[in-house]
Each structure stands twice: as structure tokens, then as C-alpha cells.
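[1] Predicted model and sequence below, questions to follow.
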Amino acid sequence: MFKFEYPYILFLILPLLYLFFRKKNLGAVKVPGISQIKKYSKKSKKYLWGKIFILLSLILMIVALSRPQEINRNKKIKRDGIDIVVALDLSRSMLQQDFKPNRLGRAKEVLKTFVDKRDNDRISLVVFGGDAYTKVPLTFDHRVIDETISKLSVNDITSNNRTAIGMGLGVALNRLKNSKAKSKVVILLTDGENNSGEMNPIEAGKLAKEMGIKVYTVGIGAREMEVPGFFGTQKIKNTELDENLLMEISKLSDGKYFRAGNQQEFNEIFNQIDKLEKTKIEGRDFYDKVELYEPLVKIALILLLIGTIFESIVFVRIP
């Protein structure tokens, strides 16, 4: 951005131009002949060069006095970000098609939308089945998170016929143990019950509380399952999901339990988490000023010197 510190000084250019272009009636000069002085007359182009240089010099000096400046505006952002670990169940039951295209496919779509909203937060991805491991450590590079989520499949876990909720939560907590973020969160998504692993999910929930980490648990699966039978398709209650366990884990860690029973609920869950865990951003503007008058003064002095030489030496001034 460009500005003048004292823009009103620029109005001095107007009277200066008036004085320069004003016609003067100075009367006649009596000389024996005019052939020798025609080329030095007041209207001579050669004679005017000196005046033009002096005029430009004075204009530049006025511009310099008005203090032209280049202003660079910068915004200093202070981020109070959140460290978030997403622990995702990759057991084979996540291929159930009560969601479109299936539970895992829908979870991936919702997670990617959520990650894209969290510009100021570090995010990690942990996957679990019968065992658990970190897929992506805490990072601000959400592009890596998105790409990794897109490629996830149940085949990423060898023991995908079991569900170790305690292990999944334990690995997620381990990712946050050295975090210095003011807010630390685990989002655990599963469609089953804990039937594997060495870590007890309840003990993991208590550990989360001690570490100051909130755990949001998400139970995935329709409340009623369609099962083919001899007399056609029947609907039976979904009893595979251990909601009581997930509620207890969240309660222990001051988090919250959500049930994703259909597509709309799944979408709304992450909208709620996004609102609950807001990143604080403080902005402060500051400005850098670069003074531009110095080169103008130098150019003005050079033009003044040239104009003076033209007026006094190169072209003889005729009174």
C-alpha cells in the first residue's frame, strides 16, 4: 500500500505550475538587430530546457516533503490449536452395508470433511482391529491425513476379525503423552465390542482422565439390522455394539458419546464435535513503513543542478 504522510503539501504544486506557465508582459528590448538573439528568445525551446528541469526539481522536492511511504501490512496470528487423535476401527464388521457404501466408507468420508475444517490443529490417525498402531503421527499436514484416510481398508489390520478398543485408545493416548497443546482430544470410532487386546478400555478411560485428555466415542451401526431369512428379510436389533462401554469411557474422561445410527446422525456428530472443540485464534495487525522521499530528493537535486547549468552556462540568459 502506498500513501503520503502529509498529502496536503502536494497542493503547493498548483501555484508552482501557475507561476511557471503564467505569461509575463515585460515590454520590448531595444537592440540594433535581432538576428543574433532570436535563438535565445524567451520562447526558445533551448532556453526553456533549463526552466523545465528546475520546475521538475521543485515538484519532486514538494513530493518528497509530503513523505511518500510504502506500507506493508502484516497479520500476526496466534494459534491456540488442539491436538486431535482419531482412532478408527478397521475390523471386518466395518464392511457392513447399513451405510452407503459401507460403514468404513462412510466413516472415511465424514472424517475427511472434519479434518478439512481443522486448519489450526495437529491431527493424528490410529487404526485398530485385534491390535492397534499409529498410521500418521500428529501433523499439521492435513493433506497427508486426507490421502491416508482415502487409502484405508480393513486389510491394513491383520487381525481384523477382532476388536481391541482398549488397545486403540491406549495407542491414541500414547500419541498425546508428550503434547504441550492446551486441549487434547481422542475421537474413537468403532462398531463393535472389546474382545481382544491387553489393555482394558475402562482403565484406558481412567488414564485419559489423568492425562487431561477428553475422549469422544462414536458408536457406528444401524439400530436395526436387515437379516435374510427363510421368509424374506427380517429386521433384528443390532446387539454387536457395546454402547455402555463407549459411554463409560467418555464419561470417565469428561468427553461425550455419540451414536451414528444413520447417515444424517453420522454427519451431525462431527459437526457437534467441531463446535465443542473450537481452536482459539488471535489476530494482531502491524505495519512496516518504508520511506521513499530520499531518492526523490537526490533526483530533485540532480535536476536542479542540470537546470541551473542550462540557465546560466549552456544558454545565455537574455534579460
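    Looks like it came in fine.

[2] list the contacts for Leu55?
    By C-beta atoms under 8 Å, 6 or more residues apart in numbering, the contact list for Leu55 reads 16-17, 20, 307. Glycine gets a C-beta too; all of them are placed from N, C-alpha and C.

[3] Which pair of those residues spans the longest distance?
    Leu17 and Gly307 (15.8 Å; C-beta to C-beta).

[4] Show me what the mean pLDDT comes to for stretch 168-180.
    For stretch 168-180, mean pLDDT is 95.

[5] Let's see that stretch as CSV, backbone CA atoms only.
    What follows is stretch 168-180, C-alpha atoms only, in CSV (Å, rounded to 0.1, in the frame of the first residue of the first chain):
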residue,chain,number,x,y,z
GLY,A,168,-6.9,-48.5,20.1
LEU,A,169,-7.5,-46.0,22.8
GLY,A,170,-4.1,-46.8,24.5
VAL,A,171,-2.1,-46.1,21.3
ALA,A,172,-4.1,-42.9,20.8
LEU,A,173,-3.2,-41.7,24.3
ASN,A,174,0.4,-42.6,23.8
ARG,A,175,0.5,-40.2,20.8
LEU,A,176,-0.6,-37.4,23.1
LYS,A,177,1.6,-38.0,26.1
ASN,A,178,4.2,-35.5,25.1
SER,A,179,1.8,-33.0,23.6
LYS,A,180,2.0,-29.4,25.0
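
[6] Now that stretch: buried residues?
    168-173, 175-176, 179 (16 or more other C-beta atoms under 10 Å).

[7] Quickly check these for the two that are furthest apart.
    Gly168 and Ser179 (17.9 Å).

[8] With neighbour numbers in mind, choose between Leu17 and Gly307.
    Using other C-beta atoms under 10 Å, the more surrounded residue of Leu17 and Gly307 is Gly307, with 20 against 13.

[9] where does that one land in three-state SS?
    helix (DSSP: H, G, I helix; E, B strand; the rest coil).

[10] same question, Ile71
    strand.

[11] Quickly note the distance from the nearest residue to it once chain neighbours are set aside to Leu10.
    Spatially, and ignoring its direct neighbours in sequence, Ile71 is nearest to Met1 (4.4 Å; C-beta to C-beta, 6 or more residues apart in numbering). With distances taken as C-beta to C-beta, to the nearest Å, Met1 is found 18 Å from Leu10.
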